[in-house]
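Student: with the sequence up front, the predicted model follows.
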Number of protein chains: 2
Amino acid sequence: MAEEVKLLKTWSSPFGLRIVWALKLKGIEYESIDEDLSNKSALLLHSNPVHKKIPVLIHNGKPISESLLILEYIDQTWTQNPILPQHPLEKARQRFWAKFNDDKLIPSIWSVFGNGGKEREEALLENLELVERELKVKGKRFFGGDEIGLADLAFGWLANLIGVFEAVTGLKLIDGRFPLLSAWIQEFSDIPVIKDSWPSHDELVVKYQALYDKFHAK
Amino acid sequence: MAEEVKLLKTWSSPFGLRIVWALKLKGIEYESIDEDLSNKSALLLHSNPVHKKIPVLIHNGKPISESLLILEYIDQTWTQNPILPQHPLEKARQRFWAKFNDDKLIPSIWSVFGNGGKEREEALLENLELVERELKVKGKRFFGGDEIGLADLAFGWLANLIGVFEAVTGLKLIDGRFPLLSAWIQEFSDIPVIKDSWPSHDELVVKYQALYDKFHAK
């Protein structure tokens, strides 16, 4: 049977981008469908009736949602260029940092972006420090080791969006503070599959500037 | 090498209880260490330096944290009585509902417990309705099918704590509203490994009543 792979995403979502990267790293052909979240398609509502959110991967008609779970699905279904290591302990470690990104790091950056203030900035910097330390402990190019893995794909948004965030807020977060994270951003961005899939920096700045102005107009 | 398995938990935490159930279902001998969260042990702080939270599983000296990730680790390390199905799609489904429990259902019940109000109660009931519907779609005894799986272990807190919650708040949430969930609670509670590991209902009521009084004293 010919494989049918569709990906529901938006042009700018870092959660959708994770899946793009994984499919490209694996060399999987897929149809990309950009959703307008102000007018969600019947396909999206039907495919993810619980959360009604992108990304959704539809493989031979079967939908899978939640980006980290989609990455696990992709890695188990197409085993070339593994995203997760085999050893259960290393696997747990990759998953731990991917979850830390989603549960702690992203909310802490949104909180600075939306509300700001010294206390929130310090909480964000503490989270970035924990990520920096993990890179130090591993002593490798990537969170996954010598090749990129689940945690790299989860932290991947940093490589492009942190520059957008800094441009919009005027804050300097990474350079000069977190040398290992800076080096990781460079290594990660240099991978062709990653570099070729970024949305335009300028368009992202326009989008996030509008959001920022909206948050701070109150 | 003799296996050394330690579990850091508390007497009442449903997140720790998941791990107890999984280890017992697998027939793994372990040493249970109850933490006092107001005075965390050096072992806990050293084993989970990022979150400083229970549960932590320490297997031959290596710590693993985050309860759902510990369950994955256990299932991969000791393969008897599988917690996760083999097929990637079924696996994604179990993980999806376990994540739904942690990200949506538990925060929505805490929100009713802590603040209350009609709107929060409705949000909680909507989440319970989604769980009820999943049981209907599956048409099986358990979320995992005919045997208990990852999602059952995640939703497991419901089977005991919902009664405590109802006793403390005076709300009636499950019985008469969600027949499939009621039946699941019964089936789940009847499993000896589960039944034998519950903390005492009366002690839980004392604990949660004190918390409730504290929240509502303001």
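Tutor: Everything's here; your move. Numbering: from 1, shown residues only, chains lettered A, B, ... in the order given.
Student: only C-alpha atoms from now on, for both contacts and neighbour counts.
Tutor: OK.
Student: give me the residues contacting stretch A:20-39.
Tutor: Outside of stretch A:20-39, the residues that reach it under the criterion CA atoms under 8 Å, 6 or more residues apart in numbering or on different chains are A:4-11, A:41, A:54, A:71, A:74, A:78, A:80-81, A:83, A:153, A:193-194, A:197.
Student: if we go to 7 Å?
Tutor: Contacts to stretch A:20-39, defined as CA atoms under 7 Å, 6 or more residues apart in numbering or on different chains, come from residues A:5-11, A:41, A:71, A:80-81, A:193-194.
Student: with stretch A:79-86 instead?
Tutor: Contacts made with stretch A:79-86 from outside it, assessed by CA under 7 Å, 6+ apart, are listed as A:25-26, A:75, A:91, A:148-150.
Student: and these, which is closest to chain B?
Tutor: Lowest distance from chain B to the contacts of stretch A:79-86 (CA to the nearest CA) belongs to residue A:91, with 8.1 Å.
Student: could you list every residue that touches residue A:112?
Tutor: If you count contacts by CA under 7 Å, 6+ apart, then residue A:112 has A:120-121 around it.
Student: that one sits in which helix or strand?
Tutor: In this assignment (DSSP states H and E), residue A:112 forms part of helix A:106-114.
Student: so for the next helix or strand after that helix, what gets flagged as buried?
Tutor: Of the helices and strands lying after helix A:106-114 in sequence (DSSP H and E), the nearest is helix A:118-138. For helix A:118-138, a neighbour-count test (16 or more other CA atoms under 10 Å in any protein chain shown) marks A:120-121, A:123-125, A:127-132, A:134-135 as buried.
Student: now swap in stretch A:3-20 and tell me
Tutor: A:5-12, A:14-20.
Student: now residue A:215: how far from residue A:111?
Tutor: 11 Å (CA to CA, to the nearest Å).
Student: ok, the two, which is more surrounded?
Tutor: Using other CA atoms under 10 Å in any protein chain shown as the criterion, residue A:215 and residue A:111 rank with residue A:111 on top: 16 against 12.
Student: show me the contacts for the more buried one.
Tutor: Residues in contact with residue A:111, defined by CA under 7 Å, 6+ apart, are residue A:120.
Student: change it to 10 Å
Tutor: Residues in contact with residue A:111, defined by CA atoms under 10 Å, 6 or more residues apart in numbering or on different chains, are A:105, A:117, A:120-121, A:123-124.
Student: for residue A:57, phi and psi?
Tutor: Its backbone dihedrals place residue A:57 at phi -100, psi 130, with angles given as degrees, to the nearest 10.
Student: name whatever forms a beta bridge with the residue lying closest to residue A:54 once chain neighbours are set aside.
Tutor: Using CA to CA, 6 or more residues apart in numbering or on different chains and skipping residues adjacent in sequence, the residue nearest residue A:54 is residue A:9, 5.2 Å away. Beta-bridge partners of residue A:9, counted by DSSP bridges, are residue A:34.
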